[in-house]
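Colleague: Give me coordinates for this.
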Amino acid sequence: MNVAVVTPPEETTSVVSRNRIVCFVNDEISAAALAKGLEGSNVLIRHGTIRNAIRMLETDTDLFALVTDISGIDDPFAELERLAGVCPPDVRVALIGENREITFYRQLMELGLTEYLPTPLTRDMVLDQLRPKLLGDAAHAHTERGGHVISICGAQGGAGATSVAINLALQVAETTKAKVALLDLHLQGGETAVMLGVRPGPGLRIALENPMRADTLFLERAAIEVNERVFLISADEELDAQLDITEEGVRHVLGLLRQRFNYVVVDIPVPFPPSMHPVINLSRHVLVLLEAEVTGLRNAHALRSAVTNIAGKDRVFTLLNRANRAGGLPRATIVKALGSEPDMVIPDLGKGMTQAVNLGIPALKHVRGLRRHLAPIVREITGIGAERKGRLRRLLGL
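Modeller: Sure, this is the predicted structure:
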C-alpha cells in the first residue's frame, strides 16, 4: 500500500524535505489511520517494517520524521541499533508494534524515541498521541540530542592530527554507514582541504563570526562532499586576516552540524582560545595526539589538563602517533611522563602517509595497515562491542 499526502507543488524542495514524514507499516488498518491522523502534512506511507526503513535511510535521509513498524521482528533492539547507525540525529522516530507491555514501552522511551504505539492504530490514537509529538514545535526537542562530537588536537606541530582526523572520519562513516561532518577549525593555514585536494569556500568564517547569518542553508554553502557520507567544512583565510571568531558562533555552527550528522569530527587548533571551549564541552571524545618527543609529552600533559578543566577528565584520550618512529623516546619514558600507557597507539606507517598528502587523497586508500590501527579508535567512538543500550543511546543522540 502507498498512501501519500504531498506538499503543494509551489513549496520549495527544501521545505518538502524538511517536513517529510515517512511511514513503514505492515497492516492496512494502521496505514489508513496514519493517513487520516497525519492528514495535511507531507506524509508518505509505505508497506514494510523497520528493515525497509533502514534500507531507505542508507540512501535517503532528507526527512523530518520516521514512523516504522516492528511487528514480527524477533529482536527489535538489534534492528534499532542498525537504524540508529543511519538515521540523522534530528529525525524524530516513532515505532508501532504488537507488544503492549509497559516495560517494553519504557525500554523504548529510554532510548530517546518520540513515541511507541501498539497496533492496530486508530485515527484517534494518531491524532491524540502521535501527531502532537511528530508535528509539535521543534523548539521543544530534547536539548541534548545531536550528533557525537569527536575533537582531535595535536600536542605539537606535525604530529599528524589533521591526517588522523580525516581518516578517522572516513572510517567511522564506512563502519557505521552514518553521515559524518569533518570540521577544520584552523581557519588560517588549515591542512584538511589540501590533504583532500579540495578548495573550501567562505561560509565557515561568516558563520563563526556572525551566527545570525548562519541558518540551515549554511551546510549547503559551506560543506564539501568528500564522499556520499562524509562532508568537509573548512576555510582558507589569508594569514594576515583579522578574525573575530565568537563563542556563540562556534556553538551555533556545531549545533547546526549536530542536527544533520551522526558524527562530527573536529580538527581543533591549539592552544584552545576561549571561543573554542564549546567544542570541548560538546565533545564526547577529545583525542590529544602526540609523537614520542619531549615537546609532545610536555604539551600533551598541558592539553589534557586544559580539557579536564573545561569539560572533565572522562572526555580526554591520549593518542600516541608514529609510536615506533626511529629516534623517538622509549616507550617507558612516555609512560612515565604520561602517568599511564597511551589510550590509543598508531605506529609509524612509513612514507605512504606523506605520499597520500602530496597526492591529495585519503591515506586509507594508499597506506596498508592504517585501517587496522584506526579500528580500535573507531570502536571506542562508535560503541561497537559495547553494551547495546548504551550504544543505542549514543547513536540516537542522547
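Colleague: where in the stretch 101-250 of the chain is pLDDT low?
Modeller: 137-145, 216-217, 219-220 (pLDDT under 70).
Colleague: do that again at 80, thanks
Modeller: 124, 136-145, 158-159, 201-202, 211-221 (pLDDT under 80).
Colleague: At which residues are the strands of the stretch 51-200 of the chain located?
Modeller: Ranges of strands in the stretch 51-200 of the chain, per DSSP state E, counting those that start in this stretch, are 65-69, 92-97, 115-118, 148-154, 180-184.
Colleague: so what strands line up beside the fourth one?
Modeller: Put plainly, it is strand 148-154. strand 263-267 (parallel), strand 283-290 (parallel) (DSSP bridges).
Colleague: mean pLDDT lowest for which of the ones you listed?
Modeller: Among the strands paired with strand 148-154, strand 283-290 has the lowest mean pLDDT, at a mean of 90.
Colleague: what comes up buried for that strand?
Modeller: 283, 285-290 (16 or more other C-beta atoms under 10 Å). (Each C-beta comes from the backbone N, C-alpha and C, glycine too.)
Colleague: Could you give me the buried positions within stretch 196-204?
Modeller: Neighbour counts over stretch 196-204 (16+ other C-beta under 10 Å) mark 196, 200, 203-204 as buried.
Colleague: Ends of it, what's the gap?
Modeller: Using C-alpha to C-alpha, to the nearest Å, the end-to-end distance of stretch 196-204 comes out at 17 Å.
Colleague: Stretch 108-118 too?
Modeller: First residue to last in stretch 108-118 (C-alpha to C-alpha) measures 13 Å.
Colleague: hmm, back to that, could you tell me which of the buried residues of stretch 196-204 belong to helices?
Modeller: 196, 203-204 (DSSP state H).
Colleague: could you dump those to TSV with distance to Gly147?
Modeller: Rendered in TSV, the data for these read as follows (distance: C-beta to C-beta, whole Å):
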residue	distance to Gly147
Leu196	20
Gly203	19
Leu204	17
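Colleague: from these, which single one is nearest Phe231?
Modeller: Among those, Leu196 lies closest to Phe231 (C-beta to C-beta), at 11.0 Å.
Colleague: what residues are up against the closest one?
Modeller: 166, 226, 232, 360-362 (C-beta atoms under 8 Å, 6 or more residues apart in numbering).
Colleague: Outline the domain layout of this protein.
Modeller: Domain ranges of the chain: 2-140, 148-395, per automatic domain parsing.
Colleague: quick revisit: could you dump the strands of the stretch 51-200 of the chain to JSON lines with mean neighbour count and distance to Glu28?
Modeller: Output for those, formatted as JSON lines (neighbours: other C-beta atoms under 10 Å; distance: least, C-beta to C-beta, whole Å):
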{"stretch": "strand 65-69", "mean neighbour count": "26", "distance to Glu28": "12"}
{"stretch": "strand 92-97", "mean neighbour count": "24", "distance to Glu28": "13"}
{"stretch": "strand 115-118", "mean neighbour count": "19", "distance to Glu28": "16"}
{"stretch": "strand 148-154", "mean neighbour count": "26", "distance to Glu28": "39"}
{"stretch": "strand 180-184", "mean neighbour count": "27", "distance to Glu28": "39"}
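Colleague: Adding distance to Ala337, write those out as JSON lines.
Modeller: Shown next, in JSON lines, are the strands of the stretch 51-200 of the chain (distance: least, C-beta to C-beta, whole Å):
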{"stretch": "strand 65-69", "distance to Ala337": "49"}
{"stretch": "strand 92-97", "distance to Ala337": "46"}
{"stretch": "strand 115-118", "distance to Ala337": "51"}
{"stretch": "strand 148-154", "distance to Ala337": "17"}
{"stretch": "strand 180-184", "distance to Ala337": "29"}
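Colleague: the longest helix in this structure is where?
Modeller: Secondary structure assigned by DSSP H gives helix 294-311 as the longest helix of the chain.
Colleague: And it, what does it pack against?
Modeller: helix 277-282, strand 283-290, strand 316-321, helix 331-338 (3 or more C-beta pairs under 8 Å, 6 or more residues apart in numbering; DSSP states H and E).
Colleague: if we can go back for a sec, quick one: closest of the strands paired with strand 148-154 to Gly147.
Modeller: When the strands paired with strand 148-154 are compared by C-beta to C-beta, strand 263-267 sits nearest Gly147, at 5.1 Å.
Colleague: residues contacting the nearest residue in space to Met195 that is not next to it in sequence?
Modeller: Counting by C-beta to C-beta, 6 or more residues apart in numbering, Met195 lies nearest to Val357, which is 5.2 Å off, once chain neighbours are set aside. Contacts for Val357 were tallied using C-beta under 8 Å, 6+ apart; they are 163, 191, 194-195, 363.
Colleague: do Leu185 as well
Modeller: 250, 266-269, 276, 279.
Colleague: how far away is it from Met276?
Modeller: Distance, Leu185 to Met276, using C-beta to C-beta, to the nearest Å: 7 Å.
Colleague: residues bridging contact with the two, i.e. touching both?
Modeller: Both Leu185 and Met276 are in contact with 250, 268-269, where contact means C-beta under 8 Å, 6+ apart.
Colleague: Compare those and tell me which has the most neighbours.
Modeller: Val250 (25 neighbours; other C-beta atoms under 10 Å).
Colleague: Does it lie in a helix or a strand, and which?
Modeller: helix 247-260 (DSSP states H and E).
Colleague: Look up how far Asp348 lies from the residue of the chain most remote from its centre.
Modeller: Distance to the chain centre peaks in the chain at Gly327, reaching 37.3 Å (criterion: C-alpha atoms, centre = their mean). Distance, Gly327 to Asp348, using C-beta to C-beta: 11 Å.
Colleague: That's all I had, so thanks and see you.
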